[in-house]
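Novice: Have a look at this prediction, sequence included:
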Amino acid sequence: MIYTLTMNPALDRALTVAELTPDDTARVTEETFYAAGKGIDVSRVIKELGGSSVALGLVGGYDGLHLEGLLLNAGVLSDFTPIGGETRTNILLREASSGRHFAISASGPQVTAAEIGALYEKLRGLREPEYLVMSGSLPRGVNVEFYGQVILAARARGAVTVVDADGDALRAAVTHAPCCIKPNIHELVRLAGRPLESEAEIVAAARELLAQGIGEVLVSRGRQGLLLCSPARVLKAVGPQIEAQSTVGAGDSVVAGFILARSRGLEPGECLRWAAAAGAGTAMTPGTELCHRQDVEKLLPQIVVSELTA
C-alpha cells in the first residue's frame, strides 16, 4: 500500500470576483473548496491515475471534517489523526477582469506533543506499508527532525520512503537517508547552499546527496524537464511544449506519477515518464486543479527519456 503523509493540510477556498476596488465591496461570483496539502495532492493524483493510496496527517475542527468529506466524495482513502486545533484555510482569489490571482496562505494550528505522539503510533502500526511519501511543511509545534524519525520507523517496516519538503525539514530528513527525495531546482539550490546553473552542476549536487546514502534524487525543473539521479545512472525526461495554465500541484503530481509507476513494477525510465506526464498534465489545468487521466495518457508517448553520459 502507498501511504502519503501531510502534516499541515489545508482547506483551500477558491473565490472569484469580478474586480477588486479599494474601499469597495467585491461580490463573490464563484466559490469552490478543495482538500489541499502536498501529500493529499499526491493521493488525489494517484486516485485519478487508477491507483490507490491512504492519506495520513493531522486534521481538526469543522474545516478538518470538511477536508475529510471532500476526500471521501473523491474516493480517496484517508486515515487522519484528529487534533484540537482547527485545520487551516487558505484563500485563493481570482479577479476575473484582469485574470490576476492572489493566494493567502494560513500558518496552521499549533500541534501538541500528545497529538504528535498519537500520529507517530499510527505510523508505526501501518498495515503493509510499501511506500510512505512525506510531503510539505511541518506545522507549529513539530520539530524539524520529525521526518527523520518517521523515516527510521518506516525503514524498520520495509517501506520505501520518499521526502518532498524544503528548508530545514528537508535538510534534517536527508541525514536519515530516505530512499528518494524530490526537490525542485530552487529547493536543491537551498539544500546544496550554492547556485546550480548548469545541468552538470545539478547532477553534481545530486551525487553529493547520493553519497550520503539517499537512493534516488528526483529533480523537477519546470520546462527543462526532470532528472532522476541514482548511483547507477542519470536519466532525463523532457515533455512536449504545452500551454501551462498553472504550476500549482505539478511537483506533487510528479511524485504521484513516479511512485505509482514504481509500485506497478515499471523500470526507472518508465517511472520517470509517468512522473513527467503527470506533472505536465497538472500544469495544463487552471488554478489548483490537478491532472486528468486522459491528458496524462496522451502525454505519455510524447515524453522523451534519455540517459546522460558522465
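Specialist: Ah, there it is.
Novice: Residue 221: how many residues sit nearby?
Specialist: Residue 221 has 17 neighbours, counted by other Cβ atoms under 10 Å. All C-beta atoms are positioned from the backbone trio N, CA, C, and that covers glycine.
Novice: Could you report the pLDDT at it?
Specialist: You'll see residue 221 listed with a pLDDT of 95.
Novice: Please enumerate the strands of the stretch 201-310 of the chain.
Specialist: Along the stretch 201-310 of the chain, the stretches classed as strands by DSSP state E, counting those that start in this stretch are 216-220, 226-229, 234-238, 304-308.
Novice: Restricting to C-alpha, output the last one in CSV.
Specialist: Right, the one you point to is strand 304-308. Once non-C-alpha atoms are left out, strand 304-308 reads as follows in CSV (Å, rounded to 0.1, in the frame of the first residue of the first chain):
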residue,chain,number,x,y,z
VAL,A,304,11.4,11.8,-24.3
VAL,A,305,13.5,9.9,-21.8
SER,A,306,17.3,9.7,-22.2
GLU,A,307,20.4,8.7,-20.2
LEU,A,308,23.0,11.3,-19.5
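Novice: Can you tell me which of the strands of the stretch 201-310 of the chain is packed in deepest?
Specialist: When you average the neighbours per residue for each of those (mean count of other Cβ atoms under 10 Å), strand 216-220 leads with a mean of 26.
Novice: Quick check: which of the strands of the stretch 201-310 of the chain is nearest to residue 125?
Specialist: Nearest to residue 125 among these is strand 216-220; the distance by Cβ to Cβ comes to 27.0 Å.
Novice: Could you name the helices and strands sitting against that closest one?
Specialist: In terms of contacts (3 or more Cβ pairs under 8 Å, 6 or more residues apart in numbering; DSSP states H and E), strand 216-220 is packed against strand 180-181, helix 185-192, helix 199-210, strand 226-229, helix 250-263, helix 268-283.
Novice: nearest to residue 126, of those?
Specialist: helix 250-263 (15.1 Å).
Novice: Tell me which residues are up against the closest one.
Specialist: 2, 38-39, 41-46, 49, 51, 130-131, 133, 135, 160, 162, 164, 182, 184, 218, 220, 226, 270-283, 290-291, 296 (Cβ atoms under 8 Å, 6 or more residues apart in numbering).
Novice: Also stretch 193-201?
Specialist: By Cβ under 8 Å, 6+ apart, the residues outside stretch 193-201 that reach it are 185, 188-189, 202, 205, 227, 308.
Novice: Any regions of the stretch 201-310 of the chain where pLDDT drops low?
Specialist: Residues of the stretch 201-310 of the chain that meet the criterion pLDDT under 70 lie in 310.
Novice: hmm, back to that, are any of the contacts of stretch 193-201 buried, and if so which?
Specialist: Buried members of the contacts of stretch 193-201, counted by 16 or more other Cβ atoms under 10 Å: 185, 188-189, 202, 205, 227.
Novice: Nearest approach to residue 16 belongs to which of the helices and strands packed on strand 216-220?
Specialist: When those are compared (using Cβ to Cβ), the closest one is helix 268-283, at 20.3 Å.
Novice: average model confidence for stretch 56-74?
Specialist: 97.
Novice: Please identify the buried residues of it?
Specialist: 56-61, 63-64, 66-68, 70-71.
Novice: Same question for stretch 190-204.
Specialist: Within stretch 190-204, the residues scored as buried using 16+ other Cβ under 10 Å are 191-192, 196, 199, 202-203.
Novice: same thing with stretch 244-262?
Specialist: For stretch 244-262, a neighbour-count test (16+ other Cβ under 10 Å) marks 248-262 as buried.
Novice: Tell me the gap between it and the middle of its chain.
Specialist: 7 Å (Cα atoms, centre = their mean, to the nearest Å).
Novice: ok, back up a step: please flag which of the buried residues of stretch 56-74 sit within strands.
Specialist: 56-59 (DSSP state E).
Novice: picking up where we left off before, let's have the strands of the stretch 201-310 of the chain in CSV, adding distance to residue 23.
Specialist: CSV is the format used below for those (distance: least, Cβ to Cβ, whole Å):
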stretch, distance to residue 23
strand 216-220, 42
strand 226-229, 47
strand 234-238, 48
strand 304-308, 53
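Novice: Pull the most distant pair out of the contacts of stretch 193-201.
Specialist: 189 and 308, at 19.4 Å, using Cβ to Cβ across the contacts of stretch 193-201.
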